[in-house]
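> Sequence and predicted structure below; questions after.
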Amino acid sequence: MTGKDRPELDPYELEFRPEFKRGRGPREPFVNEHGVVIGDHDYVSAASPLEQWSEETDPSVMAGDEWVHPFKDIGFLTEENRDYFEQGIEPRPGSFGHPEHNVGSGIDEDAGKEQ
């Protein structure tokens with residue numbers, strides 16, 4: 001790890017409501033199955049597919065939860081995510097809709113459960 005994991009420096013953390021803190025996963029950085037450190041404030045890793053990208057790279061190699069830190073992610077800074085995770089305000093229906101697929105499937109199923 002790079003030693004840069006100082007939560008007070010993390011610009012991508014929210015003040016999560018208690019129901020969203022439970023069962024989220026680690027607050028500290030972790031190494032995913034590709035050897036990339038996630039959540040270390042560095043955001044550049046020699047082992048990352050982003051650093052070795054080519055026309056032959058399948059973008060799906062960077063899909064999934066292993067690429068997203070449960071507490072430190074740039075996506076948390078959107079207005080909708082801040083409203084939801086900090087204040088409990090549900091997003092407007094249809095604002096994240098897809099014409100053919102339910103892209104929100106399973107999102108709220110574990111939000112209120114004790115872990």
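Thanks, I have the structure now. Numbering: from 1, shown residues only.

> any idea what sits nearest the residue positioned nearest the centre of the chain, other than its immediate chain neighbours?
Among the residues of the chain, residue 68 comes closest to the average C-alpha position under C-alpha atoms, centre = their mean, at 3.7 Å. In space, and not counting its chain neighbours, residue 68 is closest to residue 38: 7.3 Å by C-beta to C-beta, 6 or more residues apart in numbering. C-beta coordinates here come from the backbone N, C-alpha and C atoms, glycine included.

> I'd assumed residue 70 was in contact with that neighbour.
No. With contacts counted by C-beta atoms under 8 Å, residue 38 stays clear of residue 70, the gap being 9.4 Å.

> Which one's more surrounded, these two?
More crowded of residue 38 and residue 70, by other C-beta atoms under 10 Å: residue 38, with 21 against 17.

> what's near enough to touch that one?
Shown in contact with residue 38 (C-beta atoms under 8 Å, 6 or more residues apart in numbering): 29, 30, 31, 32, 66, 67, 68, 69.

> Try it again at 7 Å.
Applying C-beta atoms under 7 Å, 6 or more residues apart in numbering, we find residue 38 in contact with 29, 30, 32, 67, 69.

> Put the buried members of those residues into a ChimeraX selection.
Of the contacts of residue 38, the buried ones go into a single ChimeraX selection, burial set by 16 or more other C-beta atoms under 10 Å:
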select :29,30,32,67,69
